[in-house]
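[1] This is the structure alone, sequence omitted:
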């Protein structure tokens, strides 16, 4: 157990030294800033694709409602015509 604690302390000291040195912290900051920029670009692309999908879904729902209304109207006309022809 003592060896594990010593190892953890050694790694902590090593990484602390790396982070506190100017060149390393500048390099690390640049790397993290670049990764953040890339993730923001990916996120914007995913949001745009999502918006396009939602718009397509809304348009499909509108078209389905229009087709259903048209089918209901045609069904009503058909039923009226059937009733009239049966009465004659």
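    Received it, and whenever you're ready, just let me know what you need. Here the structure is a predicted model, which is why all the values come from computation and not from measurement.

[2] What are the boundaries of the strands in this protein?
    Chain-ordered strands for the chain, with DSSP state E as the definition, do not occur.

[3] mind checking the longest helix of it?
    Assignment by DSSP state H gives helix 22-87 as the longest helix of the chain.

[4] avg pLDDT for that helix?
    This predicted structure assigns helix 22-87 an average pLDDT of 91.

[5] for it, packing partners?
    Using 3 or more Cβ pairs under 8 Å, 6 or more residues apart in numbering; DSSP states H and E, the elements in contact with helix 22-87 are helix 2-20. Every C-beta, even on glycine, is put in place using the N, C-alpha and C of the backbone.

[6] count of residues packed around residue 28?
    Summarising burial for residue 28: neighbours were counted as other Cβ atoms under 10 Å, giving 13.

[7] Okay, it and residue 35: tell me how far apart.
    Look at residue 28 and residue 35: by Cβ to Cβ, to the nearest Å, they are 11 Å apart.

[8] just residue 26 next, same as before
    Counting by Cβ to Cβ, the gap between residue 26 and residue 35 amounts to 15 Å.

[9] One more: residue 17?
    Shown here: residue 17 relative to residue 35, a distance of 23 Å by Cβ to Cβ.

[10] what do you get for residue 16?
    Here residue 16 is placed at a distance of 22 Å from residue 35 (Cβ to Cβ).

[11] so how far is residue 55 from the residue nearest the centre of the chain?
    When the chain is reduced to its mean C-alpha position, the nearest residue by Cα atoms, centre = their mean turns out to be residue 46, at 5.0 Å. Separation of residue 46 from residue 55 (Cβ to Cβ) stands at 15 Å.

[12] what does residue 7 give?
    55 Å.

[13] just residue 16 next, same as before
    In this view, residue 16 and residue 55 are 50 Å apart by Cβ to Cβ.

[14] repeat for residue 29
    When Cβ to Cβ is applied, the distance between residue 29 and residue 55 equals 39 Å.

[15] before we move on, what about residue 79?
    Distance of residue 79 to residue 55, given as Cβ to Cβ: 36 Å.

[16] Residue 23: what's it in contact with?
    Listed by Cβ atoms under 8 Å, 6 or more residues apart in numbering, residue 23 has no contact partners.
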